[in-house]
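1. Task: produce atomic coordinates for the following.
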Amino acid sequence: MNPLPRLATRDRIIDAVLVVSCGIVQAIALALAAFATRDAFSALHAGEALALNTVLQLAISGGVAAACLLLSRYRAEALGQSYAISLRHMLYRQIARLPKSRHEERRVGALSLRFVGDLSAARLWFGRGLPDVLSAALVLPGAVIILYFLDPALAITGIASLSGALLIMGLLAWHLGRRHQKLRHNRANIAISMIERIAIAPELDLMGRTDRELRKLDKQGASLRKDALARRGRTTSLQAVLQLGVALSGLLMLWQASQFGIAPATVAASLSVLALIALPLQNLAGAWDQYCAWSVARAKAERLLSEPKIVRTVSSQGKPLGVNVTGEFEGTPVSLDARSCSTSTLTGRYAVSIARNIAGLDTNEGIAVLYGGQEKAPKVAFVGDDHIGLQGSLRRSASLMCLKRPSDQNITEVMTSFGLTELLLADRGLDQRLAENGNGLLPCQTLRIDLVRAVLGNAEIVVIASIRWASCQHDHAKLLDTLRKLSSATIILVEEVALPDMKQSLKDV
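-> Residues are numbered from 1 along each chain as shown. Down below sits the predicted model:
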């Protein structure tokens, strides 16, 4: 089963039909213009005034062709943007559902690049390349037929020489995909390196690594330049061969006309059709370039979308639930039975891994987790080593787990209960801006904000597996009492220590 988004959706089918329809109308306009051009040159050659219907035919066909070009480009861009939206949606959903352990194995920059390089390649192929192919598939046969009706001999001569140019273009285009693959690899290396280094650039500078990083960046840039020039040279050569083929075809048509006494008006009309044939062929050269870029991006996207994922069907059960864990983790027996509304401590070498299984961040085939006797997970608040936060107001950060944002009074009361009064008294209060992931806040502050989220979000299970918990060790009892007072959730505390027997122990508090 293809993991990529379906192309045949209602809105994209409509756009594709409009693009194809524009191609058909363009072909008709081309036919009218070609025969009107012949009539116009015949009149000029005979010294006669242009007939009104010939002038109207030329004007109308030109206007219709221009309007069709505008509409087809507009709807083609809509088609490309629509597919990019679907792909972006699917990629983010897949990344969100990756097991946390798998997510941590991947480079953040590599995942981020999916929303830049892959989407750009998809948009260009479906928004420009594919519509150009569809238009060419309609316009080119029509143009060849028109050329044949104007003069069969000229048509055969022109198309035969042009076919030779197309054969050479096909040979040159054969390895363009490999060029794109190398170019993408080098471009991705630079982008990933920059994404991961920009955030820590001041610290790297303090270590004296700036010059070294710049030398590495320049080296990568030189390699990228080499591959970019190779790819540009290949695509430009396709267009150059086509132009030479068109020029040769026109020259042979003129020579044949001079040898067999073909009427100048017919020759002029045939040459105008030949020039119009060259445009969709040139678009096809660009379309092949865009397809090669998309084929490389598609392979990467398919691999990501095919990875195993966790479908987290989290829903509120509306009541406190106990947690029961049984099975084996890496050959070690695991057993945990946390009663509803209790505060339990989970210890052992694999305590954090088990806690992440309980929260639904990871899965393990050898472990079974039941919530109140059921597999369906309730609302779980997981407090890990790192504070998770989006850039925005303090209000937004505190209510990040809420489906519906509570009142400012409710947020303030809960934050005050967890000892965040000093933060609330800062300039602008709940409206103050917090950096991404709480950068600038103290570990104790971010931990308390996480507990506030659990309360405001009505979490039914709270798993605390954070090194930040140690930084608030003098307030453990107070924080737990506050959490117990404001929430009826089942609380699981994780103390990761290396026990000789690697067993999990449970204490009810």
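2. tell me the contacts of the most centrally placed residue in the chain?
-> For the chain, the residue nearest the mean C-alpha position is residue 115 (3.4 Å; CA atoms, centre = their mean). Neighbouring residues of residue 115 by CB atoms under 8 Å, 6 or more residues apart in numbering: 88, 91, 92. Backbone N, C-alpha and C define where each C-beta goes, glycine included.
3. With distance to residue 219, secondary structure and pLDDT added, can I get those residues in TSV?
-> Output for the contacts of residue 115, formatted as TSV (distance: CB to CB, whole Å; DSSP: H, G, I helix; E, B strand; the rest coil; pLDDT from 0 to 100):
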residue	distance to residue 219	secondary structure	pLDDT
88	32	helix	88
91	30	helix	87
92	33	helix	87
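4. Save the residues you listed as CSV, and put in neighbour count and distance to residue 478 too.
-> Formatted as CSV, the contacts of residue 115 follow (neighbours: other CB atoms under 10 Å; distance: CB to CB, whole Å):
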residue, neighbour count, distance to residue 478
88, 17, 44
91, 20, 43
92, 13, 39
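5. Doesn't the residue nearest to the centre of the chain lie inside a helix?
-> Yes: residue state for residue 115 (DSSP: H, G, I helix; E, B strand; the rest coil) corresponds to a helix.
6. Tell me the pLDDT of it.
-> In the predicted model, residue 115 carries a pLDDT score of 71.
7. what's the neighbour count on residue 46?
-> Applying other CB atoms under 10 Å, we find 8 residues neighbouring residue 46.
8. helix/strand/coil for the nearest residue to residue 408 once chain neighbours are set aside?
-> Among residues not flanking residue 408 along the chain, residue 430 sits closest, at 5.8 Å (CB to CB, 6 or more residues apart in numbering). Three-state assignment for residue 430 (three-state DSSP): helix.
9. list the contacts for residue 430?
-> Applying CB under 8 Å, 6+ apart, the residues near residue 430 are 393, 394, 395, 398, 408, 411, 412, 424.
10. any chance of the contacts of residue 115 in TSV, plus distance to residue 253?
-> Output for the contacts of residue 115, formatted as TSV (distance: CB to CB, whole Å):
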residue	distance to residue 253
88	49
91	50
92	54
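11. what about the strands in this structure?
-> 323-329, 332-338, 343-347, 367-371, 380-383, 392-393, 433-434, 461-464, 490-495, 505-508 (DSSP state E).
12. Go through those and pick out the most buried.
-> By mean neighbour count, with neighbours taken as mean count of other CB atoms under 10 Å, strand 461-464 ranks first of these at a mean of 27.
13. Output the contacting helices and strands for it.
-> helix 351-359, strand 380-383, strand 490-495 (3 or more CB pairs under 8 Å, 6 or more residues apart in numbering; DSSP states H and E).
14. Let me see the mean pLDDT of it.
-> pLDDT averaged over strand 461-464 gives 94.
15. Can I get it in CSV? Just the C-alpha atoms.
-> Provided in CSV are the C-alpha atoms of strand 461-464 (Å, rounded to 0.1, in the frame of the first residue of the first chain):
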residue,chain,number,x,y,z
ILE,A,461,-2.3,9.4,35.3
VAL,A,462,0.8,11.5,36.0
VAL,A,463,4.2,9.9,35.3
ILE,A,464,7.2,11.9,36.7
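16. Stretch 414-432: how far from the chain's middle?
-> Remark: stretch 414-432 is offset 37 Å from the chain centroid, using CA atoms, centre = their mean, to the nearest Å.
17. Okay, buried residues for stretch 407-414 please.
-> Within stretch 407-414, the residues that count as buried by 16 or more other CB atoms under 10 Å are 411, 412, 414.
18. How about stretch 382-395?
-> Within stretch 382-395, judged by 16+ other CB under 10 Å, the buried ones are 382, 383, 384, 387, 389, 394, 395.
19. Tell me the one of those nearest residue 6?
-> Residue 6 lies nearest to residue 382 out of the buried residues of stretch 382-395, by CB to CB, at 34.1 Å.
20. and the longest helix along the chain, what's its mean pLDDT?
-> Secondary structure of the chain read by DSSP state H shows that its longest helix is helix 210-260. Average pLDDT, helix 210-260: 89.
21. now do stretch 381-391
-> Mean predicted lDDT for stretch 381-391 stands at 91.
22. what's the answer for stretch 64-73, then?
-> 89.
23. can you list contacts of it?
-> 18, 19, 22, 23, 25, 26, 29, 30, 33, 131, 135.
24. and the fourth one, how far is that from residue 71?
-> I take that to be residue 23. 11 Å (CB to CB, to the nearest Å).
25. And the two? Which one has more around it.
-> Taking neighbours as other CB under 10 Å, residue 23 and residue 71 compare with residue 23 leading, 23 against 15.
26. unless I'm mixing things up, the more buried one is touching residue 139, no?
-> Yes: the pair residue 23 / residue 139 is scored as a contact, 5.7 Å apart, by CB atoms under 8 Å.
27. tell me which strands and helices the longest helix of the chain is in contact with?
-> Helix 210-260 packs on helix 152-173, helix 176-198, helix 201-206, helix 264-305, going by 3+ CB pairs under 8 Å, 6+ apart.
28. hey, which of those is tucked in deepest?
-> Of all the helices and strands packed on helix 210-260, helix 264-305 carries the top mean neighbour count, a mean of 20, counting by mean count of other CB under 10 Å.
29. Against which helices or strands is that one packed?
-> helix 10-45, helix 52-96, helix 119-124, helix 130-150, helix 152-173, helix 176-198, helix 210-260.
30. Out of these, which is closest to residue 436?
-> Nearest to residue 436, of those and by CB to CB, is helix 176-198 at 12.8 Å.
31. Now list whatever residues contact both of residue 23 and residue 139.
-> By CB under 8 Å, 6+ apart, no residue touches both residue 23 and residue 139.
32. returning to what we had before: make CSV from the strands of the chain and add distance to residue 62 to it.
-> Below are these laid out as CSV (distance: least, CB to CB, whole Å):
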stretch, distance to residue 62
strand 323-329, 74
strand 332-338, 77
strand 343-347, 77
strand 367-371, 70
strand 380-383, 65
strand 392-393, 53
strand 433-434, 56
strand 461-464, 70
strand 490-495, 74
strand 505-508, 82
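33. Out of these, the one nearest residue 206 is which?
-> Once the strands of the chain are compared by CB to CB, strand 433-434 is nearest, at 24.9 Å.
34. Report the buried residues of stretch 209-220.
-> Quick answer for stretch 209-220 (16+ other CB under 10 Å): residue 220.
35. How far does that stretch sit from its chain's centre?
-> 28 Å.
36. outside of that stretch, which residues touch it?
-> 186, 189, 190, 193, 194, 197, 201, 204.
37. isn't residue 460 right up against residue 376?
-> No: applying CB under 8 Å as the test, residue 460 and residue 376 come out as separate, 11.5 Å apart.
38. neighbour count winner among the two?
-> Between residue 460 and residue 376, counting by other CB under 10 Å, residue 460 is the more crowded of the two (26 against 12).
39. So what's the residue count around the nearest residue to that one once chain neighbours are set aside?
-> Leaving aside its chain neighbours, residue 460 sits nearest to residue 378 (4.1 Å; criterion: CB to CB, 6+ apart). Look at residue 378: counted by other CB under 10 Å, it has 23 neighbours.
40. Hmm, residue 452 and residue 487 touching each other?
-> No: in this structure, residue 487 is not within contact of residue 452 by CB under 8 Å, at 10.5 Å.
41. which one of these two has more residues nearby?
-> Using other CB under 10 Å as the criterion, residue 487 and residue 452 rank with residue 452 on top: 25 against 22.
42. wait, what's in contact with the more buried one?
-> 398, 411, 414, 415, 418, 420.
43. how does it look with 10 Å?
-> Neighbour list for residue 452: 397-401, 411, 414-418, 420, 482-483, 486 [criterion: CB atoms under 10 Å, 6 or more residues apart in numbering].
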